[in-house]
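Engineer: just need the structure, nothing else, for what follows:
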Amino acid sequence: MAAQNPSLSDVSKAFLAVPELRNNGTNFKLWRARIKAATRTIGNKAILTTLHTDANFDGIIAAAIQGKL
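Structural biologist: Take a look at the predicted model:
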């Protein structure tokens, strides 16, 4: 059986520790590391580099990342 995508609540919790990316980019390395850690937390390390077929799930992840820009 295929693994179920994480819920919106799980994604929100995973992204809590991601700081907003500063306009001048001075915290980019920390921001990127936290984004990667958040995606690992929700159980999908390849989420940033692999095409997904679930548009709703992609939208949830995109919104979580956008909220930190």
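
Engineer: stretch 20-34 - what's its average pLDDT?
Structural biologist: For stretch 20-34, the mean per-residue pLDDT is 91.

Engineer: next one: stretch 43-62
Structural biologist: Averaging pLDDT along stretch 43-62 gives 68.

Engineer: gap between the two ends of that stretch?
Structural biologist: One end of stretch 43-62 sits 16 Å from the other (CA to CA, to the nearest Å).

Engineer: ok, stretch 11-19 next?
Structural biologist: Start-to-end, stretch 11-19 (CA to CA) is 15 Å.

Engineer: what's the spacing between it and its chain's center?
Structural biologist: 8 Å (CA atoms, centre = their mean, to the nearest Å).

Engineer: what residues of it count as buried?
Structural biologist: Residues of stretch 11-19 classed as buried: 11, 14-15, 18 (neighbour count, 16 or more other CB atoms under 10 Å). C-beta: built from backbone N, CA, C; applies to glycine.

Engineer: neighbouring contacts of that stretch?
Structural biologist: 6, 27, 30-31, 34-35, 37-39, 41-42, 60-61, 64-65, 67-68 (CB atoms under 8 Å, 6 or more residues apart in numbering).

Engineer: cool, stretch 56-69 as well?
Structural biologist: For stretch 56-69, contacts defined as CB under 8 Å, 6+ apart pick out 5, 8, 11-12, 14-15, 18-21, 31, 35, 38-39, 47, 52.

Engineer: now the lengthiest helix in the chain - C-alpha only, PDB.
Structural biologist: Longest helix of the chain, by residue count under DSSP state H: helix 28-41. Coordinates of each C-alpha in helix 28-41 appear next as PDB, following Å, rounded to 0.1, in the frame of the first residue of the first chain:
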ATOM      1  CA  PHE A  28      19.600  31.800   3.100                       C
ATOM      2  CA  LYS A  29      21.800  28.900   4.300                       C
ATOM      3  CA  LEU A  30      19.800  28.500   7.500                       C
ATOM      4  CA  TRP A  31      16.500  28.900   5.600                       C
ATOM      5  CA  ARG A  32      17.500  26.200   3.100                       C
ATOM      6  CA  ALA A  33      18.600  23.800   5.800                       C
ATOM      7  CA  ARG A  34      15.400  24.200   7.700                       C
ATOM      8  CA  ILE A  35      13.300  23.800   4.500                       C
ATOM      9  CA  LYS A  36      15.200  20.500   3.900                       C
ATOM     10  CA  ALA A  37      14.700  19.400   7.500                       C
ATOM     11  CA  ALA A  38      11.000  20.200   7.400                       C
ATOM     12  CA  THR A  39      10.600  18.000   4.300                       C
ATOM     13  CA  ARG A  40      12.400  15.200   6.000                       C
ATOM     14  CA  THR A  41      10.200  15.600   9.000                       C
END
